[in-house]
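In: coords please:
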Amino acid sequence: MKIEILFPAFANLHGEKAAVQYLTQCLPEAEFISTELTDEPAFATEKVDMIFIGSMTESQQELCIEKLLPYKKKIEELILEGTVFLSVGNSLEVFCSSIEDGDRSIPALGIFDYTAKRDFNRRYNSLILGEMEGMKIVGFKSQFSHLYGDNKNEYLYKVVRGDGICPGSKYEGIRRNNFMGTYTLGPLLILNPDFTKYIFSLLGCENAELKFEESIRRAYMIRLKEFEDPDRKMD
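Out: Numbers count the residues shown, from 1 in each chain. Here you go, the predicted model:
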């Protein structure tokens with residue numbers, strides 16, 4: 001099994017490096033490929049089972065778009081074939097139609113029909129609680145931008161508390177086949193043991209063991225109880 005990590009030197013703004021390290025411990029027999037900006041993506045020439053990309057600065061988003069644009073058709077083919085993608089933080093915007101930054105409109109890959117709008121005068125920080133296929137998802141958001149578009153038919157999870165892809169939305173992220181993109185930040189896998197096991201099932205590794213499972217599940221239950229408390233503010 002091959003898992004490709006895209007641009008780990010910079011796409012690790014919010015804990016993604018630790019998430020990747022956790023994956024390597026849970027899946028010791030998998031081959032992990034680190035693809036930097038100057039490298040040809042492994043997915044372009046060989047079969048990979050999962051592609052992971054983390055959050056980055058806004059200027060790095062543009063570098064990422066430029067790098068991946070020649071591979072747009074290949075990425076679309078992989079999504080159609082069911083390759084597992086996990087895109088967290090603002091890396092999700094790279095796969096959408098465009099990013100609006102004041103008077104600038106930055107074309108993105110155009111795989112998904114959504115527009116991101118930036119506001120550097122207002123950083124959005126919040127907790128989030130959601131539901132996905134019987135699982136409760138807990139997480140954090142910290143971003144200058146939001147996605148706009150109708151994702152009610154291809155969301156990653158329904159929001160119970162907090163906001164989805166934009167203020168007022170109750171649908172977080174994008175899910176198309178096994179492409180999963182979400183503003184929920186990089187520790188997503190460590191914070192949510194059931195979600196991580198779900199990823200393993202998509203990879204055909206249903207029996208893979210979660211490292212430190214007892215501690216991680218105990219922390220998850222404490223956080224879940226906190227996030228479900230109606231007196232707990234989410235922003």
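In: which one's the longest helix in this structure?
Out: Counting residues, the longest helix found in the chain (DSSP state H) is helix 213-228.
In: same question for that helix: list its buried residues.
Out: Ile216, Tyr220, Arg223, Leu224, Phe227 (16 or more other CB atoms under 10 Å). Any C-beta I mention is one placed from the backbone N, CA and C, and that applies to glycine too.
In: what does stretch 119-133 give?
Out: Those would be Tyr124, Ser126, Leu127, Ile128, Leu129, Gly130, Met132, for stretch 119-133 by 16+ other CB under 10 Å.
In: got it, and stretch 107-119?
Out: By neighbour count on 16+ other CB under 10 Å, the buried set for stretch 107-119 is Ala108, Leu109, Ile111, Phe112, Tyr114, Thr115, Ala116, Lys117, Arg118.
In: only C-alpha atoms, please: export that stretch in PDB.
Out: Extracted in PDB, the C-alpha atoms of stretch 107-119 (Å, rounded to 0.1, in the frame of the first residue of the first chain):
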ATOM      1  CA  PRO A 107      -8.200  30.400 -10.500                       C
ATOM      2  CA  ALA A 108      -7.800  27.100  -8.700                       C
ATOM      3  CA  LEU A 109      -7.900  23.600 -10.100                       C
ATOM      4  CA  GLY A 110     -11.700  23.700 -10.800                       C
ATOM      5  CA  ILE A 111     -12.400  20.100  -9.800                       C
ATOM      6  CA  PHE A 112     -15.200  21.200  -7.400                       C
ATOM      7  CA  ASP A 113     -17.600  24.100  -8.100                       C
ATOM      8  CA  TYR A 114     -17.000  26.300  -5.000                       C
ATOM      9  CA  THR A 115     -15.500  29.700  -4.500                       C
ATOM     10  CA  ALA A 116     -13.300  30.500  -1.500                       C
ATOM     11  CA  LYS A 117     -13.500  34.100  -0.200                       C
ATOM     12  CA  ARG A 118     -10.600  35.500   2.000                       C
ATOM     13  CA  ASP A 119     -10.900  38.200   4.600                       C
END
